[in-house]
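In: Next come a sequence and a model predicted from it.
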Amino acid sequence: LYLADGASVRKVNMDGTVRTLAGDLEVKSDDRKPVAGAMAWGGLMGLTVNAQGDVYVADYRNRRVLKVASGGAVSTVAQSEQTWTPTGVAAARNGDLYILEIGVAPQSPHAPRVRKISSSGRDTILATAGENVNPAASESLSSGVAERSARSRPLVLYLLLGAGASIFALTLGRLLSRRTGAK
């Protein structure tokens, strides 16, 4: 069992022993602006493990996907645009990564989108669900009402999105492994 625990990625073995594969992963190591405000609580979210034992984890707050190699080396394999941040990740057997992201800026939709980063490095947006549901982006509302509404978004929504992202990543990984395993 692999899990994101605060700023660490850990592995729980069948005998119950716990090993930290990498720690202090939320420490900002580049000059990109992290997610701020009400969303600053976030950190490591959905993760996946490939056949080689490498762990990929969504670092929500720092807008990136990290790879923790089986030997312990940590690297950034994807960086989200300023208005998006990752909440989940799935790895296909062919080396492709699928990243679930959510819009976090007033001008972006708060619905999720899926990015694919192929093993050759090609970055493609596969789908964006829904429309812009953020009232701050609507011209029909006064700015004061829009600001209050945007600030009052419940934390529960973001927790549910993180849980949904994890379920999505697990389901996508399972489907991809079945499809690849059947060939």
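Out: In hand now; what should we look at? Residues are numbered from 1 along each chain as shown.
In: Can you show me the helices along the chain?
Out: 143-151, 155-182 (DSSP state H).
In: and Gly95, what pLDDT?
Out: If you check Gly95, the pLDDT there is 91.
In: quick one, what contacts the nearest residue to it once chain neighbours are set aside?
Out: Residue nearest to Gly95 in three dimensions, not counting chain neighbours: Ser119, with 3.1 Å by Cβ to Cβ, 6 or more residues apart in numbering. Where C-beta positions appear, they are placed from N, C-alpha and C, glycine not excepted. With contacts defined as Cβ atoms under 8 Å, 6 or more residues apart in numbering, Ser119 is in contact with Asn94, Gly95, Asp96.
In: follow-up on the earlier one: now the weakest link among the helices of the chain, please, by mean pLDDT.
Out: Among the helices of the chain, helix 143-151 has the lowest mean pLDDT, at a mean of 37.
In: Give the residue spans of the chain that score low on pLDDT.
Out: Within the chain, the set of residues satisfying pLDDT under 70 comprises 26-42, 107-110, 130-166, 169-183.
In: Give me the contacts around stretch 45-56.
Out: Residues outside stretch 45-56 that contact it (Cβ under 8 Å, 6+ apart) are 2-4, 9, 21-22, 57-60, 65-70, 77, 86-91, 93, 95, 97, 100, 162, 165-166, 168-170, 173.
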